[in-house]
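Asks: Just need the structure, nothing else, for what follows:
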Amino acid sequence: MSKKILRSRLINLRKKKFIEKRIPFIQFKKILNSLNFNKKINIGGYYPINSEIDCLDILKNLEKNYYGISLPITNNNYKMDFYEWTFKDLLKVGRQGIPEPEDRKKVFPDVLIVPLVAFDNNKFRLGYGGGFYDRYINKNRNLKKFFTVGLAFSFQEIKKIPINKFDQKLDIILTDKKIIK
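Replies: Below you'll find the model as predicted:
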């Protein structure tokens, strides 16, 4: 099955099965603690759209615990970068129709929370098809070491994601029911 057909089916499934369920902050905090960062770090998140699992509660708790948080801004040529953001700051609608921070200080997150349409047990993800996250991860892994965490509902797991040379494997996937390390 092609990625396009698979993506369409899984987005429709997510819309049908979507529930207002969040991953508890304590689960995410356990992952952070296991990474043994010795300083306050920056966490790159996303603004949830289209029935994605909500990470805003995690970001809000990180901010309360004095972590820096950031959100992506998309550019031309399917690229994006992350910019500092706080819950006091305004958002604008970006090129992809997703709320983004007003241009602020560009940052390189130490931990990147990644949205997904589907995932497999090998920690590969299927996104919306623009390749924004795969490009970002590929480009910046050569510049800085960082950790990627995919967030998903457990029903988004499939047997095998069709991958190509551009697809980037995540470090961990955290769902409402389990953790894939």
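
Asks: what's the span of stretch 68-85, first residue to last?
Replies: In stretch 68-85, first residue to last residue: 8 Å (CA to CA, to the nearest Å).

Asks: Okay, strands next: where are they in the chain?
Replies: For the chain, applying DSSP state E gives strands covering 42-44, 68-74, 80-85, 91-93, 99-101, 106-107, 111-114, 118-119, 125-126, 147-152, 172-175, 179-180.

Asks: Redo these as TSV? Include mean pLDDT and mean neighbour count.
Replies: (Each C-beta comes from the backbone N, C-alpha and C, glycine too.) Formatted as TSV, these follow (pLDDT from 0 to 100; neighbours: other CB atoms under 10 Å):
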stretch	mean pLDDT	mean neighbour count
strand 42-44	96	24
strand 68-74	95	22
strand 80-85	95	20
strand 91-93	92	11
strand 99-101	94	19
strand 106-107	94	14
strand 111-114	96	24
strand 118-119	94	23
strand 125-126	93	22
strand 147-152	94	23
strand 172-175	94	21
strand 179-180	92	15
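
Asks: Tell me which of these sits nearest to residue 133.
Replies: In terms of CB to CB, the element of the strands of the chain nearest to residue 133 is strand 111-114, at 5.4 Å.

Asks: And the contacts of that closest one?
Replies: Here strand 111-114 makes contact (CB atoms under 8 Å, 6 or more residues apart in numbering) with 32, 35, 41-46, 55, 58-59, 82, 125, 133, 136-137, 146-151, 170.

Asks: Find the residue at the geometric middle of this structure.
Replies: residue 114 (1.4 Å; CA atoms, centre = their mean).

Asks: Please name the bridge partners of that one.
Replies: Listed by DSSP bridges, the beta-bridge partners for residue 114 are residue 150.

Asks: Tell me how far it lies from residue 163.
Replies: 15 Å (CB to CB, to the nearest Å).

Asks: what's the answer for residue 179, then?
Replies: Distance from residue 179 to residue 163, by CB to CB: 21 Å.

Asks: do the same with residue 149
Replies: Residue 149 sits 19 Å away from residue 163, going by CB to CB.

Asks: Tell me which helix or strand in this structure has the weakest average pLDDT.
Replies: Using mean pLDDT, DSSP states H and E, the weakest-scoring helix or strand in the chain turns out to be helix 3-17, at a mean of 79.
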